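Novice: Quick one, structure for this:
(one chain, ligands or ions: 1)
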Amino acid sequence: MPVRTDEDAETRELRQVAAAVAAERYAPRAAGWDAARTPFPRAERLFLGELGFLGIAQPPEHGGGGAPVRQALVVIEELAKVCRPAAFQVFEANVGPAQAVSRLGSRDQRERYLPAIVRGELTMAVAISEPDAGSAATDLTTRAVRDGKGYRLTGTKRWISNGSEADLYLVYARMSEARGAGGVGALIVRGDAPGISYGAREKLMGFRGIPSADVVFDDVLVREEDVLVGPGQFGELFGCFSVERLGNATMSLALGQAALDASVAYVQERRQFGKPIAEFQAVQLALADMVLQVEAARLLLDRAARGADDGLPDTLEVSIAKCTANEMAKKVTDLAMQVHGGNGYTEEYGLERLHRDAHGWAIAGGTPTIQRVRIVSELLGRKFDQRR
Ligand SMILES: Cc1cc2nc3c(=O)[nH]c(=O)nc-3n(C[C@H](O)[C@H](O)[C@H](O)COP(=O)(O)OP(=O)(O)OC[C@H]3O[C@@H](n4cnc5c(N)ncnc54)[C@H](O)[C@@H]3O)c2cc1C
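Specialist: Model (predicted):
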């Protein structure tokens, strides 16, 4: 089924280029990287930088393309259908923490970090979650204490994607005595700073090729000029995080679309009882269910992403899109495994890899349950205190 699109010619062309790169360069290697849990090679990141993929939505004055976020999402989608570790690089640089630097950073921070990120020489990960602060992110206890011209940072971050592999970390930390979100700011920390260390790499069900590890800060000195935002600006930080969630939803959309595309081909080739299995009504209904869910997710994501063309997206629209896309990807990849029968359960066909990754993208960036809590809060115009 062709990707539905009212995309302009430039975006369509970008989609085609990204799809070709995915098919020619990453399709032959993605399964091997997954099986060996190989971190995405630095040389490949530099290649994506040369293509301009890492700066699509970054400002031209820092080496980027200055295009709307939606163009970066198109590239993320095409790469992610084939190789999530490749797509993750585009994600981090365009909609992840580097995008927060672009929107909230000082001129000096933008000049110091963005051009190198756009070229692929540096990569930045985001470190919010902690052992005791996941869904309750504002319970975080990592602390940045003022010390002369900078801050001393101490605490442990958990589940950090690209943890131990990234050159830079955008670390959410408690910077004042204010409780909850009010005391939280964010600092940029170099991955080789004295006092930083990493836990063992997690053995995740999916996300292989995107290493995950604890990042431990033991009295790490952070210069004043590397404070992205101080306490009291959590709202701005989370506004930027809603752009990251668009990228997350795009990963899920790609997983669902890839599972659907594979299934469309398979059910017409695979024969049982003397005819292609596409001729059995139950198989047709499974395919229809896949289409319904993928298309709904695509439209909701498109609506939310349009909000990022000029400023920040509507956070409710983003939560609806993320929740729908995350749930869709889990269900559609599961259906794809079913219509592939025994082959769906093999590594060879790649469906189980899609399914494993679908579960990971749903948890990352806030679980579907937490998105639902937020959706109902908006719906009823009430804040529900989760602590009482
Ligand atoms: C693959 C992957 C990549 C990740 N990457 C990063 C990263 O790069 N940086 C980073 O900072 N973090 C990252 N995370 C962490 C992620 O953001 C958290 O795992 C997520 O927010 C959930 O937190 P938790 O794991 O502590 O689960 P918990 O918060 O302990 O939740 C456990 C269960 O309880 C439910 N629950 C919790 N609170 C409520 C509530 N109030 N109402 C109803 N249900 C509730 C949850 O929905 C969930 O089902 C990643 C996680 C994964 C799995």
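
Novice: Quick check: phi and psi at the residue lying closest to R103 once chain neighbours are set aside.
Specialist: Of all residues not flanking R103 in the chain, C240 sits nearest, at 5.4 Å (CB to CB, 6 or more residues apart in numbering). For the C-beta atoms, the positions are set from N, CA and C on the backbone; glycine is no exception. With angles defined as degrees, to the nearest 10, C240 sits at phi -70, psi -30.

Novice: so what pLDDT did C240 get?
Specialist: pLDDT recorded at C240 is 96.

Novice: now do Y345
Specialist: Turning to Y345, the model gives it a pLDDT of 98.

Novice: residues contacting the residue nearest to R103?
Specialist: 99-100, 103-104, 312 (CB atoms under 8 Å, 6 or more residues apart in numbering).

Novice: Closest one of these to the ligand?
Specialist: Checking those against the ligand by CB to the nearest ligand atom gives A100 as the nearest, at 12.5 Å.

Novice: Okay, and the closest one sits in which element?
Specialist: Using DSSP states H and E, A100 falls within helix 97-104.

Novice: sorry, back to before: switch the contacts of C240 over to CSV; also include neighbour count.
Specialist: Formatted as CSV, these follow (neighbours: other CB atoms under 10 Å):
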residue, neighbour count
Q99, 26
A100, 25
R103, 17
L104, 18
L312, 17
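
Novice: Let me have these in CSV, extended by pLDDT and distance to the ligand.
Specialist: Shown next, in CSV, are the contacts of C240 (pLDDT from 0 to 100; distance: CB to the nearest ligand atom, whole Å):
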residue, pLDDT, distance to the ligand
Q99, 97, 14
A100, 98, 12
R103, 97, 18
L104, 98, 17
L312, 95, 20
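
Novice: How much space separates R271 from the ligand?
Specialist: In this view, R271 and the ligand are 38 Å apart by CB to the nearest ligand atom, to the nearest Å.

Novice: same check, this time on W33
Specialist: As judged by CB to the nearest ligand atom, W33 and the ligand stand 16 Å apart.

Novice: My understanding was that that residue contacts R208; is that so?
Specialist: Yes: using CB atoms under 8 Å, W33 makes contact with R208 at a distance of 7.2 Å.

Novice: What residues does the residue of the stretch 1-150 of the chain found nearest the ligand make contact with?
Specialist: In the stretch 1-150 of the chain, the residue that lies nearest the ligand is G134 (1.7 Å; CB to the nearest ligand atom). Residues in contact with G134 (CB under 8 Å, 6+ apart) are 158-159.

Novice: which other residues reach the helix holding A100?
Specialist: Helix 97-104 is contacted from outside by 57-59, 62, 64, 69, 92-93, 109-110, 113-114, 117, 124-126, 168-170, 186, 188, 228-229, 233, 236-237, 240-241, 243-244, using CB under 8 Å, 6+ apart.

Novice: Quickly list what's touching both of W33 and R208.
Specialist: P85.

Novice: how about the helices of the stretch 151-300 of the chain, start to end?
Specialist: 234-269, 281-306 (DSSP state H, counting those that start in this stretch).

Novice: Tell me what angle the last one forms with helix 234-269.
Specialist: Between helix 281-306 and helix 234-269, the angle formed by their directions is 150 degrees, by axes from the mean of the first three to the mean of the last three CA atoms, to 10 degrees.

Novice: What about the contacts of helix 97-104, which are in strands?
Specialist: 124-126, 168-170, 186, 188, 228-229 (DSSP state E).

Novice: which one of those sits closest to the ligand?
Specialist: Looking across the ones in strands among the contacts of helix 97-104 and measuring by CB to the nearest ligand atom, the closest to the ligand is V126, at 5.0 Å.

Novice: ok, the residue lying closest to the closest one once chain neighbours are set aside - how many residues close by?
Specialist: What sits nearest to V126 in space, not counting adjacent residues and going by CB to CB, 6+ apart, is P97, at 4.2 Å. Neighbourhood size, P97 [other CB atoms under 10 Å]: 29.

Novice: Then the one 5 residues further on?
Specialist: Counted by other CB under 10 Å, the residues lying close to S102 total 24.

Novice: Quick one, grab the pLDDT at it.
Specialist: With respect to pLDDT, S102 has a value of 97.

Novice: Equivalent analysis for K383, please.
Specialist: What the model reports as pLDDT for K383 is 88.

Novice: so what's the backbone phi/psi at F280?
Specialist: phi -90, psi 130.

Novice: What is the burial count for it?
Specialist: Applying other CB under 10 Å, we find 15 residues neighbouring F280.

Novice: Could you do R303 as well?
Specialist: When neighbours are counted by other CB under 10 Å, R303 registers 15.

Novice: Among the ones in strands among the contacts of helix 97-104, which pair sits farthest apart?
Specialist: For those, the maximum inter-member distance is 17.4 Å, found between A125 and V229 (CB to CB).
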